[in-house]
Structures are given as C-alpha cells and as structure tokens.
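Student: One predicted model, sequence on top.
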Amino acid sequence: MTQDTHRIDQLVGALKTAGVRITRQRAALLAVLAESNDHPDAHELQRRAQIEAPGISLSTVYRTLTELETQGVIHRHQFDGASARFEHAESDHHDHMIDIETGKVVEFCSDKIERLQMEIAAELGYEIVHHRMELYVRRKKG
C-alpha cells in the first residue's frame with residue numbers, strides 16, 4: 001500500500017465516520033490532499049481538485065477540510081497574514097519556517113531546540129504538553 005493510498009483510506013474513513021457522503025468532488029479533493037506535501041490552502045486545493053472534478057465549490061472544500069480537521073486527520077495552520085493551510089496529521093512533530101517573501105513553508109526538526117524548550121519549561125516549573133513553533137524568515141541577501 002502506497003503512502004497516498006494509505007492517506008486516502010484514512011481521509012475517507014474519517015469522513016465516513018462523521019457520516020459525510022463521499023461524492024465525486026470530495027473523492028477528487030481527498031486524492032489531492034493525500035498527494036500534497038506542501039501545506040496548500042483551500043483555494044489551492046480547490047484549484048488542484050478542479051482537474052478531476054470541474055465545478056467543485058470552495059464551500060465543499062471548506063466543509064470537507066473542517067470535518068477532516070474535527071476528525072483529527074489533518075492539521076490547520078494559520079500562519080501570520082495568510083490563509084489557513086493544511087497538512088496531514090500523521091507526520092511526526094516538526095516546526096515550520098515561513099518565507100515571508102514567497103510564502104513557502106519549510107518543515108524542520110531540531111533536537112537542540114526541543115531540548116532547550118523542555119529545559120526552559122522545567123526551569124520555570126512546567127512541562128510541555130503541546131507546542132508549535134513558527135519562524136518567519138527571508139533569504140539572506142548576498
């Protein structure tokens with residue numbers, strides 16, 4: 001079973017659990033979402049799904065994404081000054097760098113940062129339950 005097939009099965013299962021019908025438009029959207037690895041927003045997902053399901057409405061995209069988020073199979077990210085973007089919930093913990101000039105989202109993991117966050121929380125008498133780190137960056141000139 002490929003990763004995309006596994007993802008589609010997971011997305012379909014989540015919608016069926018929620019009692020949502022899998023229409024041709026939703027099936028196209030789920031296929032696009034399963035293939036994406038680039039944090040697309042709803043408009044971009046609609047544009048990609050239109051290839052297989054012309055006429056898919058933005059409201060169908062939003063309703064489907066909301067249900068998938070409620071079911072816990074996708075994550076919504078609201079990066080500063082941009083539309084909500086989506087990614088698969090199955091990935092391991094990671095942080096994000098957002099290029100403020102291009103909007104490109106780069107995922108990264110740093111054991112050093114993770115250790116430092118735990119140390120700081122412990123020094124202040126806390127333990128981390130959940131966190132999200134977003135770095136807003138631009139390419140160095142020269």
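Tutor: Thanks, I have it.
Student: how's the protein carved up into domains?
Tutor: Listed domain ranges for the chain are 3-88, 95-137 (source: automatic domain parsing).
Student: As CSV, the ones you listed with mean pLDDT and mean neighbour count would be great.
Tutor: Yep, even glycine has a C-beta here, placed from its N, CA and C like the rest. Converted to CSV, the domains of the chain look like this (pLDDT from 0 to 100; neighbours: other Cβ atoms under 10 Å):
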stretch, mean pLDDT, mean neighbour count
domain 3-88, 92, 16
domain 95-137, 93, 12
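Student: how about residue 82, what does it touch?
Tutor: By Cβ atoms under 8 Å, 6 or more residues apart in numbering, the contact set of residue 82 is 41, 98, 103.
Student: The residue most central in space within the chain: what secondary structure?
Tutor: By Cα atoms, centre = their mean, the chain has its centre lying nearest to residue 87, at 1.7 Å. Of the three states, residue 87 takes strand under DSSP: H, G, I helix; E, B strand; the rest coil.
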